[in-house]
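Enquirer: Please find the sequence and the predicted model below.
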Amino acid sequence: MTQEVVGQVPPESTQQAVGYPALFLLVVLGSLVPVVPTGALVSTAAVVAFHQLDPFALLVVFALASSAAFLGDMGLYWLGVRGVRSRNGSRWLEALRKRAAPDRLEQAQRKLHEHGSQVLVLSRLVPAGRIPVMLACLFSRMPMRRFARGDVPACLAWAAAYQLIGILGGSLFPEPWQGVVAAVALALLISGAPTVWRRLRRT
């Protein structure tokens, strides 16, 4: 009886049991250490969810991605706040400084002054825009509570945008792996284009 029940469990159940926690942890890690392509991870998960029979799979991916991004952002901002308050600074704050070009940081500070915490939404949608805006918030001594209020819609919009990329890739191709390749390529292209453009301008 037990063997029959186990044999009837669809492969999707195993994929969800492994994939959902992995997605959450990787997005949190990618938000804390801004080198992991979290957008591509969300798009890939959306492609897989799109091809599943579970009607709530896409909703679960959206909820996990947005909440993980928010948790990672808050963790990184908390570390940044500690660095700003410390007399000797911190490794996290210095690492953030190195990842933000001076012109981008200056632009982010100006936008923050003009639009307040609303600029956080745009920073999550614009590739390579999150770190300069977060630094601008840190240097302006924005309280964590205010940062959190602005970061919630930012993470929701970010998760929705990259999930739509995955849904698009999943709908264009009959096989899940084809949609994954297309979604990852598009997500990496979008996230990496600004960096490539800045390097080309310097040469």
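Expert: Cool, got the structure.
Enquirer: got the phi/psi numbers for the residue nearest the centre of the chain?
Expert: Geometric centre of the chain, nearest residue: residue 38, 4.7 Å, by Cα atoms, centre = their mean. Main-chain dihedrals, residue 38, degrees, to the nearest 10: phi -70, psi -30.
Enquirer: For the spatially closest residue to it that is not a sequence neighbour, list the residues it contacts.
Expert: Once flanking residues are discounted, residue 38 sits nearest to residue 30: 3.6 Å by Cβ to Cβ, 6 or more residues apart in numbering. Just so you know, the C-beta spots here come from the backbone N, C-alpha and C atoms, and that holds for glycine as well. Neighbouring residues of residue 30 by Cβ atoms under 8 Å, 6 or more residues apart in numbering: 36, 37, 38, 41, 72.
Enquirer: how about JSON lines for those, with pLDDT, distance to residue 101 and secondary structure added?
Expert: Putting the contacts of residue 30 into JSON lines (pLDDT from 0 to 100; distance: Cβ to Cβ, whole Å; DSSP: H, G, I helix; E, B strand; the rest coil) gives the following:
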{"residue": "36", "pLDDT": "75", "distance to residue 101": "20", "secondary structure": "coil"}
{"residue": "37", "pLDDT": "80", "distance to residue 101": "19", "secondary structure": "coil"}
{"residue": "38", "pLDDT": "87", "distance to residue 101": "21", "secondary structure": "helix"}
{"residue": "41", "pLDDT": "87", "distance to residue 101": "25", "secondary structure": "helix"}
{"residue": "72", "pLDDT": "94", "distance to residue 101": "22", "secondary structure": "helix"}
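Enquirer: burial count for the nearest residue to residue 129 once chain neighbours are set aside?
Expert: Spatial nearest neighbour of residue 129, excluding adjacent residues (Cβ to Cβ, 6+ apart): residue 123 at 4.2 Å. Residues lying near residue 123 (other Cβ atoms under 10 Å) number 24.
Enquirer: what do you get for residue 157?
Expert: 16.
Enquirer: so what does the helix or strand encompassing it touch, helix or strand wise?
Expert: For residue 157, the host element (DSSP states H and E) is helix 144-172. Applying 3 or more Cβ pairs under 8 Å, 6 or more residues apart in numbering; DSSP states H and E, we find helix 144-172 packed against helix 38-50, helix 57-85, helix 119-125, helix 176-202.
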